[in-house]
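# fold the following, please.
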Amino acid sequence: MSQGPGGRSGRTGVVLPRDLDAARVLPFARRAEELGFDELWVVEDLGFRGGVAQAAAVLASTSRLRVGIGVLPAGARNVAFTAMEVATLAQLFPGRLDVGLGHGMPAWMRSVGQWPAGPLALLEEQFLALASLLRGEVADTTTSPGPVHLDSVRLDPSAVPDDVPPLLAGVRGPRSLALAGRVADGTVLAEPTTPEYVRAALDRAGADRPHRVVAYNAAAVHPDESVALAAARTGLEWIGEPDWAPHLEPLPFAAELAALRRDCGTREEFARRLPEEWVRRLAVTGTPGAARERLAGLFAAGVTSAVLIPVGADPEEALEHLAAVL
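Got it, this is the predicted structure:
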C-alpha cells in the first residue's frame, strides 16, 4: 500500500505484459507478488491472450495478489456466459478479483464484426445484467427488448459467488464515463493517466456512491533518471493518436502535443521528440523518489489503484526496478 499526501493511500499494481513469452507469464506474476505489489492486471488485446484464461492462471499460481481483468469488450461476449466465467473465478478465488468491462477498441471490434450499433446502450445493459446474475437474480429483458437478450436467465444457486467482485468500466469518453458513474463500481482509465485526467474523469462520472479509479501508466524507474526517461518514451508512442485525445484534453500542453504529433511522420519520432517535462507528466518515471511523488499525486487526485505498465527491453528487469516505488 502506497501513501499519498495527507495520509491518502492507494494500491500499487503492475500490468502483465501482453506479449510476454508464455513460459515467463506465471514466473512474472509470482515475482510481482514476492516484490510486494498489491495487484496484477491482465489485458485482453485482440490477437494476444484471453483475459479470463490469464486471470485464472495467475490467481491459481499466486496466493495474495489481487488480479484484475482490464478489460473484457462487451460486444464480444454474451453476458450470461461472462457471468458464468466471472462467478467461477470469484468462487474459486474469493476477494481477489476485479473485472473490467468496456467497449473495446472500435477498430478491433469492427475487424471481427462485433462493434455494436449502440455501444453505450449495450455496455450499460451488460453491466446491469451481469451484476444481477452475479447476485443470483433472474435476468429478463423480454419486456423491454434492447441490445441484451435474456429470457429468464439465472445462475444456479451453486454457482453464485458469496463475494461478488467489483465491476469496473474501462472507458474514457464523456458519455461513457457518465455511464460508469451510474452503473459501475469504478472506472479503469487507460494510459496515460494524469491527476488532471483523473479529476476530469471523476467529475464526468458524477457517481453518488464510492467509485474506484484504476489508473494505468507507462512506467520506467531507475536510479539514473536519464535511463528511466529514455525507457519511458517507448511507452508513450501511441498517445498522439486520436483515440487518446480524452486523456490529454485536461493538460495545459494538449494542443502543443497534438501539433507535435502532426509534425512527426512516425510514432517513434513523436516519442523521441517529446519534451522531458511532458514525459515526466505522462508516465510514472525517473528515480524511485520521483516516481513515488508521481504516485502520490495520482492518489491525491482520487486514484485507488495505480497500475504500472513495465516498459523496456526486459520486462522482468523493469519489474525489479519498479518495485523500488513500493
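# where in the stretch 1-150 of the chain is pLDDT low?
Applying pLDDT under 70 to the stretch 1-150 of the chain flags residues 1-8.
# what about the most far-flung residue of the chain relative to its centre, distance to Val183?
Most distant residue from the mean C-alpha position of the chain: Thr143, 34.2 Å away (C-alpha atoms, centre = their mean). As defined by C-beta to C-beta, to the nearest Å, Thr143 lies at a distance of 19 Å from Val183. No exception for glycine: its C-beta is placed from N, CA and C like everyone else's.
# check Arg199 too.
From Arg199 across to Val183, the span is 21 Å (C-beta to C-beta).
# kindly report the same for Ala220.
Taking C-beta to C-beta, one finds Ala220 at 35 Å from Val183.
# from the chain's centroid, how far away is the longest strand seen in the chain?
As assigned by DSSP state E, the longest strand anywhere in the chain is strand 212-221. Its chain's C-alpha centre lies 8 Å from the corresponding centre of strand 212-221 when counted by C-alpha atoms, centre = their mean, to the nearest Å.
# then it to PDB, C-alphas only?
What follows is strand 212-221, C-alpha atoms only, in PDB (Å, rounded to 0.1, in the frame of the first residue of the first chain):
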ATOM      1  CA  ARG A 212     -12.900   3.100  -7.500                       C
ATOM      2  CA  VAL A 213     -10.400   4.500 -10.000                       C
ATOM      3  CA  VAL A 214      -7.800   2.200 -11.600                       C
ATOM      4  CA  ALA A 215      -5.200   4.200 -13.400                       C
ATOM      5  CA  TYR A 216      -2.800   2.700 -15.900                       C
ATOM      6  CA  ASN A 217       0.500   4.400 -16.700                       C
ATOM      7  CA  ALA A 218       3.600   3.500 -18.600                       C
ATOM      8  CA  ALA A 219       6.400   3.200 -16.000                       C
ATOM      9  CA  ALA A 220      10.100   3.100 -16.000                       C
ATOM     10  CA  VAL A 221      12.100   3.700 -12.800                       C
END
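# for it, packing partners?
Applying 3 or more C-beta pairs under 8 Å, 6 or more residues apart in numbering; DSSP states H and E, we find strand 212-221 packed against strand 66-73, strand 186-189, helix 195-205, helix 225-233, strand 284-286, helix 288-301, strand 305-310, helix 315-322.
# can you redo those as JSON lines with distance to Ser176 and mean neighbour count?
Formatted as JSON lines, the helices and strands packed on strand 212-221 follow (distance: least, C-beta to C-beta, whole Å; neighbours: other C-beta atoms under 10 Å):
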{"stretch": "strand 66-73", "distance to Ser176": "12", "mean neighbour count": "24"}
{"stretch": "strand 186-189", "distance to Ser176": "9", "mean neighbour count": "27"}
{"stretch": "helix 195-205", "distance to Ser176": "9", "mean neighbour count": "20"}
{"stretch": "helix 225-233", "distance to Ser176": "27", "mean neighbour count": "19"}
{"stretch": "strand 284-286", "distance to Ser176": "24", "mean neighbour count": "29"}
{"stretch": "helix 288-301", "distance to Ser176": "19", "mean neighbour count": "20"}
{"stretch": "strand 305-310", "distance to Ser176": "19", "mean neighbour count": "27"}
{"stretch": "helix 315-322", "distance to Ser176": "29", "mean neighbour count": "19"}
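# looking at those, which is closest to Thr88?
Closest approach to Thr88 among the helices and strands packed on strand 212-221 is made by strand 66-73 (12.8 Å; C-beta to C-beta).
# which neighbours does the closest one have in its sheet, and in what orientation?
Within its sheet, strand 66-73 is paired with strand 39-42 (parallel), strand 97-102 (parallel), according to DSSP bridges.
# between the ones you listed, which gets nearest to Gly297?
Using C-beta to C-beta, the nearest of those to Gly297 is strand 39-42, at 19.1 Å.
# tell me which residues touch Asn217, please.
By C-beta atoms under 8 Å, 6 or more residues apart in numbering, the contact list for Asn217 reads 191-193, 282-284, 298, 306-309.
# let's see that with 7 Å instead.
191-193, 283-284, 308-309 (C-beta atoms under 7 Å, 6 or more residues apart in numbering).
# now the nearest residue to Ala57 once chain neighbours are set aside, what's its secondary structure?
Distance criterion C-beta to C-beta, 6 or more residues apart in numbering; nearest residue to Ala57, sequence neighbours excluded, is Leu26 at 6.4 Å. Judged by DSSP: H, G, I helix; E, B strand; the rest coil, the three-state class of Leu26 is helix.
# please tell me how far the residue farthest from the centre of the chain sits from Pro116.
21 Å.
# got it, and Glu137?
Glu137 is 24 Å from Pro116, by C-beta to C-beta.
# can you pull the contacts of Ala205?
Counting by C-beta under 7 Å, 6+ apart, Ala205 has contacts 177-178, 180-181, 187, 211.
# relative to Ser158, how far out is it?
Distance from Ala205 to Ser158, by C-beta to C-beta: 35 Å.
# one more: Arg281?
In terms of C-beta to C-beta, Arg281 sits 50 Å off from Ser158.
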